[in-house]
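Colleague: Following is a predicted model, sequence given first.
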Amino acid sequence: MLKELRIYNTLSRKKELFEPLVKGHVGMYVCGPTVYGDAHLGHARPAITFDVVFRYLKHLGYKVRYVRNITDVGHLERDADSGEDKIAKKAKLEQLEPMEVVQTYTDSYHRDMALLNTLRPSIEPSATGHIMDQVEMIQTILDNGMAYIEDGSVYFDVMKYHQKGNYGKLSGRIIDDLISGTRDLEGQEGKHNPIRFCTLEKS
């Protein structure tokens, strides 16, 4: 059997032979759950999908580092750059400490994914374990002039980035279409442009 993998390259828009950056090694990063409630179908789909990819890469003989994060802070209620943190809200409702909520639903998520016969990732970092790293990355974006601070929050400057790069190149979206498709949202007055988004919300 020919042991090779061909995948669709979103950038080139064609199927290509997979060649890792480091021969024999593959790094795989997958966005994991926000742990404030029971797992659902939306959690199961990526767990199963990337479990298949993980297993197949190992079958091909690669040494695979599969990283899946746990979001245990910072996921806002309205997903619109404003609102209450989902875990903090759940903690208030259940009269628990936020980290009790996190532990309860992380354990529950692991049990559910095990019932689906998925393998655990190589590493499972939490958002709270890397806050300083996130702050440093945001500071780098600010230092490069690609973000601005307003009313205590940091906004990524999409238009300024687009002048130097090509925002939408990977997704194939046209920036003018993104602007025309936006709408005014409550609590978003701090955005100078409707397609700019918040990278760090004030507490």
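Modeller: Now that the structure is in, tell me what you want to look at.
Colleague: Point out where the protein drops to low pLDDT.
Modeller: 1-2, 74-83, 177-203 (pLDDT under 70).
Colleague: what separates the strand or helix carrying Gln103 from the chain centre, distance-wise?
Modeller: Assigned by DSSP states H and E, Gln103 belongs to helix 98-115. Mean-position distance between helix 98-115 and its chain equals 19 Å (C-alpha atoms, centre = their mean, to the nearest Å).
Colleague: list the helices and strands the helix or strand following it packs on?
Modeller: Using DSSP H and E, the helix or strand that follows helix 98-115 in sequence is helix 131-143. Here helix 131-143 touches strand 147-150, strand 153-156, strand 197-200, going by 3 or more C-beta pairs under 8 Å, 6 or more residues apart in numbering; DSSP states H and E. (Each C-beta comes from the backbone N, C-alpha and C, glycine too.)
Colleague: please redo it, this time with the cut-off set to 6 Å
Modeller: Using 3 or more C-beta pairs under 6 Å, 6 or more residues apart in numbering; DSSP states H and E as the contact definition, helix 131-143 packs against no other helix or strand.
Colleague: Could you pull up phi and psi at Arg68?
Modeller: Reported as degrees, to the nearest 10, the phi and psi values for Arg68 are phi -130, psi 120.
Colleague: re the thing from before, return the set of buried residues in the helix holding Gln103.
Modeller: Buried residues in helix 98-115, counted by 16 or more other C-beta atoms under 10 Å: Pro98, Val101, Val102, Thr104, Tyr105, Thr106, Tyr109, Asp112, Met113.
Colleague: And the contacts of that helix?
Modeller: With C-beta atoms under 6 Å, 6 or more residues apart in numbering as the test, helix 98-115 has contacts from Pro33, Val35, Asp38, Ala39, Ala47, Ile70, Asp72, Ile87, Ala88, Lys90, Ala91.
Colleague: Mind splitting this structure into its structural domains?
Modeller: Following the assignment in automatic domain parsing, the chain carries domains at 6-126, 131-200.
Colleague: What is the end-to-end distance of stretch 143-155?
Modeller: One end of stretch 143-155 sits 13 Å from the other (C-alpha to C-alpha, to the nearest Å).
Colleague: Next: stretch 144-152.
Modeller: 19 Å.
Colleague: How about stretch 123-140?
Modeller: End-to-end distance for stretch 123-140: 25 Å, by C-alpha to C-alpha.
Colleague: Can you tell me the centre-most residue of this protein?
Modeller: Cys31 (4.8 Å; C-alpha atoms, centre = their mean).
Colleague: How about that residue: what's its closest non-neighbour residue?
Modeller: Closest residue to Cys31 apart from its sequence neighbours, by C-beta to C-beta, 6 or more residues apart in numbering: Asn69 at 6.3 Å.
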